[in-house]
Structure formats: structure tokens, C-alpha cells
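Trainee: Pasting a predicted model and its sequence here:
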Amino acid sequence: MDMDKDFTKPIRSVAKLQPLDNYLTGSWDALGAGAPVLVALSQLCSNAMVDLSTASPTESDQLSPESKAILVAARDRGVIELKAVNAAFEAPSRMLAVYIELDESQTIAFRDPQKPEVTVLFLEGFRVLCEKGLVMHHIHRDFSLTSRGFQLARTISKQEVQPWLDKGTEFGLHD
């Protein structure tokens, strides 16, 4: 037994945080911003960019209706964001969801606080698009269609996915 240790004193000063303490604080903040999911999706996009054989412009038959609806909604501008609403009162309203710019002033959000499964199905549809190389990551929560994504999106009939497009909520810049 080591007699030189004074067990009445703290092991380390509370005022001086160790690297692990800083990491845990940063991780908690990152969790609140949806970082683990965003990182995973951006990694899927990156992997697909390296392995260009993951999708072809004719394989929309293998996509879910939610994936197809995302492609159709994004086919004009290609701008996609994943957002959460941290300040929402109810948990389903805080969930990470797919937002697509329809044009310069209109956006559609694929989230349903009454039916959280809708939000999750569209997020899963987005994940598949990342995996197949139809979406690429830019920064933080910003994604876009790839050139292959645009190409495939233009082959899908809007009427085919209209019931899924109707599950989204459209709003303008000032709504």
C-alpha cells in the first residue's frame, strides 16, 4: 500500500477538465443537434461516391415510395436538409426530418407529429438514397441530389408518388 497518497484530497481539480470531460460535453451538444445520424448519413454518401456502382438511373423499382417522393420533390433544385426542431414541446415534433426546397421560396417537410412513423419512414427513405449514391453531403445538415439522383428523379412520375408527397407539409420562407 502506498503511504504517500493523501486520500482526503480530490484526485484532480474540478476546475481543470480532462480531455474526456470535454469530449462528453461536446458529445451531449452534438447529440442535441442530431450529429450521430448526420455523420452516419454523410458517411453513407461518401462511401457511395467512392463506389459508383451502387445505383443506376433505371432502378427506381427498388426504391421505397418515400425515397421516390424525396427524389421527385427535390428534382428541380436538388437541395435537401435534415432538421430537427429542438424547441418543440412534443417529442415527435423534435425528431430529425427531411426538408426539401421546392423552389426559392417554398419548402416541404416530411414530418408528421401525429404519426411519427411517417417522419421515420422518410428518414429511412433518405438513408437509402444516400446509400445508393443518389444524394451527396455538403456541410452540416445540407445535402443535395447527385447528378445520378437528378437523372433518376426525372424518370419518376409525380402521380406515382403523389400520395407520399401529400404526407409532407409545404411552407414558405416566412411561414
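Mentor: Cool, the structure landed. Numbering: from 1, shown residues only.
Trainee: From now on I want contacts and neighbour counts done on CA atoms only, so please keep to that.
Mentor: Fine.
Trainee: which residues of the chain fall in strands?
Mentor: Residue ranges of the strands in the chain, as given by DSSP state E, are 79-83, 97-101, 106-110, 135-139, 142-145, 169-172.
Trainee: Comparing the ones you listed, which stretch has the densest surroundings?
Mentor: Each of those was scored by mean neighbour count; the highest is strand 97-101, a mean of 24, by mean count of other C-alpha atoms under 10 Å.
Trainee: all helices of this protein, in order?
Mentor: 19-32, 35-50, 65-74, 91-94, 116-131, 147-153, 158-165 (DSSP state H).
Trainee: Turn those helices into TSV, including mean pLDDT.
Mentor: Below are the helices of the chain laid out as TSV (pLDDT from 0 to 100):
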stretch	mean pLDDT
helix 19-32	63
helix 35-50	86
helix 65-74	97
helix 91-94	84
helix 116-131	96
helix 147-153	94
helix 158-165	96
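Trainee: which ones are touching the closest residue in space to residue 137 that isn't next to it in sequence?
Mentor: With sequence-adjacent residues excluded and distances taken as C-alpha to C-alpha, 6 or more residues apart in numbering, residue 137 is closest to residue 143, at 4.4 Å. Neighbour list for residue 143: 79, 80, 81, 135, 136, 137 [criterion: C-alpha atoms under 8 Å, 6 or more residues apart in numbering].
Trainee: does the third one really touch residue 142, like I thought?
Mentor: What it means is residue 81. Yes. Here residue 81 reaches residue 142: they are 4.8 Å apart, a contact under C-alpha atoms under 8 Å.
Trainee: Please name the nearest non-neighbouring residue to the spatially most central residue of the chain.
Mentor: The residue lying closest to the centre of the chain (C-alpha atoms, centre = their mean) is residue 82, at 4.0 Å. Nearest residue to residue 82, sequence neighbours excluded (C-alpha to C-alpha, 6+ apart): residue 98, at 4.8 Å.
Trainee: OK, contacts around that neighbour?
Mentor: Counting by C-alpha under 8 Å, 6+ apart, residue 98 has contacts 80, 81, 82, 83, 109, 110, 111, 119, 122, 123, 126.
Trainee: and the fourth one, what does it touch?
Mentor: With C-alpha under 8 Å, 6+ apart as the criterion, the residues that contact residue 83 are 96, 97, 98, 99, 141.
Trainee: Is it bridged to anything, and to what?
Mentor: Under DSSP bridges, the beta-bridge partners of residue 83 are residue 97.
Trainee: Perfect, I'm done here.
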